[in-house]
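Enquirer: model this:
(one chain, ligands or ions: 1)
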Amino acid sequence: MLFTPYSIKGVEIKNRIVRSATYEKRADIDGLATDYLVSFYKDLAKGGAGLIISGNALVHVSGRTVPQMVCIHNDHYIENLKKITDKVHKYDSKIFIQLVHGGRQCYPQLLGGELPIAPSAVYDPSTKITPREMTNEQIWEIVDAFGHAARRAMQAGFDGIQLHGAHGYLISGFLSPHTNRRDDYWGGDEARRLHFIEEVHKSIRAATTECYPLAIKINSSDFIEGGITPHDSVKIAKQLQILGFDAIEVSGGMYEAGVKTAQTNILQKEQEAYFSSASAMIKKELSIPVMLVGGIRSLSKMQELLKSGVADLVSLSRPLIREPDLPNKLMAGKEKADCISCNGCMRFQKLDVVRCTQLKN
Ligand SMILES: Cc1cc2nc3c(=O)[nH]c(=O)nc-3n(C[C@H](O)[C@H](O)[C@H](O)COP(=O)(O)O)c2cc1C
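Expert: Below is the predicted model of the structure:
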């Protein structure tokens, strides 16, 4: 099953292995893809992943989370991004771009000294920052920015889009009762907390086409008291399917929750796929494709997850930082990724680029 083709809204993917969105720190300071980044995507595409989800790409300057991230907040970026899509298509892979606004989890030093914006002014003990509550006008500006970014993605040749709706960034911030304390159109109860993603969805559909694939990565749990629980995430996922999303990737965590998204020392098979119970619950309720990310390391585990109906596709991040050609190696019979989940790659502030620190260069 792992190596049989699959289709997401008409996009034919040659196998069920997805490269989960991974920030690379390989754009230049203006957010333009460098030749180094393009060649990095060539390695991923040659390496055999059926679908590549790009590192998070910035839709609006107020949402910058990290330096040297790819940008898409201006038409100026379209031609540059084509270099990535052309390269990936040349090597017989497909690519979705991940669109992000960082919301509460942006650092003022990346925002010209300004405090980040968020649904509500909820202090984040991990960054020690209290963001500014967004005005209605600011919210509509960002809704619009997602639409424009999606149109640019289509013009640049991406096969589809994935919205970053997980990990405590802006979309996730609106969905979570912990970070969304508003009592207006944008929050106050479950239905109103969904309005932001509903409006973003409308904005993207208006700026692209009905048939352009639109996926979303969500939290199965925020791992915060008062945040999204696995039970809530099933309800959210069902609503997202009703809205018209074409695929869902199941993840979890936010900065404040500690190391939940990319858990460490996944060395035994029993530790793998740490969001699989939530994914199974979500998949049971949905008819659209479900991708599962988080600690998936071995060929036999991947096959089990697909066979037992926990997910339709398996998604990998850290293992492909270490071995971009892991999918080809798995196809040749390799049982397990070399990645030891040490999270050296996450200490990117100290690294020139995101890379595996277990390897010499
Ligand atoms: C260096 C690094 C950068 C990441 N960047 C992103 C990102 O841009 N967007 C995103 O949704 N997740 C990002 N993640 C999280 C991964 O996509 C994934 O959810 C997490 O690492 C767990 O999967 P894994 O065990 O296969 O690494 C990043 C993870 C790492 C290690």
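Enquirer: which parts of the stretch 151-300 of the chain sit against the ligand?
Expert: Taking CB under 6 Å from any ligand atom, the part of the stretch 151-300 of the chain that reaches the ligand is made up of 164, 166, 217, 251, 261-262, 293-296. The way it works is simple: take the backbone N, C-alpha and C, and place the C-beta from them, glycine included.
Enquirer: can you flag the buried ones in those residues?
Expert: Buried positions within those, assessed by neighbour count (16 or more other CB atoms under 10 Å), are 164, 166, 217, 251, 261-262, 293-296.
Enquirer: now those in JSON lines, with pLDDT and secondary structure?
Expert: As requested, those are exported to JSON lines (pLDDT from 0 to 100; DSSP: H, G, I helix; E, B strand; the rest coil):
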{"residue": "164", "pLDDT": "98", "secondary structure": "strand"}
{"residue": "166", "pLDDT": "98", "secondary structure": "coil"}
{"residue": "217", "pLDDT": "98", "secondary structure": "strand"}
{"residue": "251", "pLDDT": "98", "secondary structure": "strand"}
{"residue": "261", "pLDDT": "98", "secondary structure": "coil"}
{"residue": "262", "pLDDT": "98", "secondary structure": "coil"}
{"residue": "293", "pLDDT": "98", "secondary structure": "strand"}
{"residue": "294", "pLDDT": "98", "secondary structure": "coil"}
{"residue": "295", "pLDDT": "98", "secondary structure": "coil"}
{"residue": "296", "pLDDT": "98", "secondary structure": "coil"}
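Enquirer: closest one of those residues to the ligand?
Expert: In terms of CB to the nearest ligand atom, no member of those lies closer to the ligand than residue 262, at 3.6 Å.
Enquirer: returning to what we had before: now, which of the residues of the stretch 151-300 of the chain next to the ligand sits nearest residue 56?
Expert: The shortest gap between residue 56 and any of those belongs to residue 164, at 5.5 Å (CB to CB).
Enquirer: distance of that closest one from residue 54?
Expert: Residue 164 sits 11 Å away from residue 54 when distances are taken as CB to CB, to the nearest Å.
Enquirer: try residue 212
Expert: When distances are taken as CB to CB, residue 212 and residue 54 turn out to be 16 Å apart.
Enquirer: next one: residue 293
Expert: Residue 293 is 15 Å from residue 54, where distance means CB to CB.
Enquirer: I figured residue 312 was touching residue 283, is that so?
Expert: Yes. Distance between residue 312 and residue 283: 7.3 Å, which falls inside the contact criterion (CB atoms under 8 Å).
Enquirer: which neighbours do these two share?
Expert: Taking CB atoms under 8 Å, 6 or more residues apart in numbering as the contact rule, residue 312 and residue 283 both touch residue 290.
Enquirer: how about the helices in the stretch 151-300 of the chain?
Expert: Secondary structure of the stretch 151-300 of the chain, counting by DSSP state H, counting those that start in this stretch: helices at 170-175, 190-193, 195-207, 230-243, 276-285, 299-307.
Enquirer: what's near enough to touch the closest residue to residue 178 other than its chain neighbours?
Expert: Leaving out its chain neighbours, the residue that sits closest to residue 178 by CB to CB, 6 or more residues apart in numbering is residue 227, at 3.9 Å. Contacts for residue 227 were tallied using CB under 8 Å, 6+ apart; they are 176-179, 221, 254, 257.
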